[in-house]
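S.K.: Okay, here's the prediction I keep looking at, along with the sequence it came from:
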Amino acid sequence: MTSPPRLTPLLALLESPASCPIEYVVGGQTLKGTNREAAAQLLADDAMRIRCGNSPVYQRWKARRDGGPPETGARRAAVEAYVSVGFNLPGQPVNDDHVQGHVAELLWNRLMQERSVCRDGRQLVRAHSVKPDPLEPGGDGLVIYRDGQGTFVFRLWEIKKHDAKTWVSATIRRASQQLLSRGHEYLAKLAGPETIDEDGPIGELYADMVELWFDRSNRAGVGVSVGTSDHRAPKRPVAFRSIATAFPEFTSQGQVEGIVVAVPDFPGFADRVKEIVWSGL
């Protein structure tokens, strides 16, 4: 039985030094050739999974992507409805910034799903999927873990794309300030609805998240993830310093995290993901 494809090995992620107060990884600079195409295919598939869920539209989209005949009538219209969310359709105006932002989110989404155990011993319990539409208001990413003592903890993430001529540290700083000023709103939107169906310790965590956030509890934490081009990859830990500066109360190992995925020609990579999504029409 073959293992499901994974993105993490393709990115050759390098971890932060053990002495750094911020846990971060940087990678993607060598993503070329067949590995680049494999990564784009993974993200396009994830994008449609997020949109379609268990709807049969996903299988119809996948069959067409893999060379099958196009759908017609209402079935085709249904596929178009899902594809158009965040990507629009061929022949329609496409906002490249939105597509790139969504691909940055898809990169984070896949990495969180694949990281089952963290360096500080946290074990993944649930990573909330990113939104199908990057323009939807609210938080970008929420992940729940069980720590080494069996306690449920959470991390709230802000995800950005970076294509400016400034250092990527400026985008990390902007994301950190956004978490600082609006993190409680994001958590209220994300956590409140989960208390309807969740009970037990996880339900209690959702119910207490906003208070734990305001208390800067050791059960809370933050992360910033950025998608960008390879020449914008940060060279030193100082690029992530603004996250810890915004949240000085988070001092335990793993409470402050960062990710930068810096692939060659990030805008071109994002465009390839969009093309693959469109190929299922």
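M.R.: The structure has been received and is ready for your questions.
S.K.: the helices in this protein, which residues?
M.R.: With DSSP state H as the criterion, the chain has helices at 8-11, 33-52, 56-65, 73-87, 96-114, 168-191, 200-214, 241-246, 266-278.
S.K.: Show me what the longest one is in contact with.
M.R.: Applying CB atoms under 8 Å, 6 or more residues apart in numbering, the external contacts of helix 168-191 come out as 128, 137-140, 142, 156, 158-160, 162, 164, 206-207, 209-210, 213-214, 222, 224, 226, 228, 232-234, 238-243, 245-247, 258, 260, 262. For every residue, glycine as well, the C-beta is placed using N, CA and C.
S.K.: Filter those down to the ones in strands?
M.R.: The subset of those located in strands under the criterion DSSP state E comprises 142, 156, 158-160, 162, 222, 224, 226, 228, 258, 260, 262.
S.K.: quick one on the thing from earlier: hmm, which of the contacts of helix 168-191 are the buried ones?
M.R.: Neighbour-count burial (16 or more other CB atoms under 10 Å) applied to the contacts of helix 168-191 gives 128, 139-140, 142, 156, 158-160, 162, 206-207, 209-210, 213, 222, 224, 226, 228, 232-234, 239-243, 246-247, 258, 260, 262.
S.K.: gap between V94 and F87?
M.R.: Counting by CB to CB, to the nearest Å, the separation of V94 from F87 is 7 Å.
S.K.: try P4
M.R.: Distance from P4 to F87, counting by CB to CB: 24 Å.
S.K.: And these two? Which one has more around it.
M.R.: Shown here are P4 and F87; by other CB atoms under 10 Å, F87 has more neighbours (25 against 7).
S.K.: ok, the more buried one - contacts?
M.R.: Residues in contact with F87 (CB under 8 Å, 6+ apart) are A47, V94, V99, H102, K274, V277, W278.
S.K.: Could you find the lowest-pLDDT member of those residues?
M.R.: The lowest pLDDT within the contacts of F87 belongs to V94, with 89.
S.K.: Check what pLDDT D197 gets.
M.R.: pLDDT, D197: 84.
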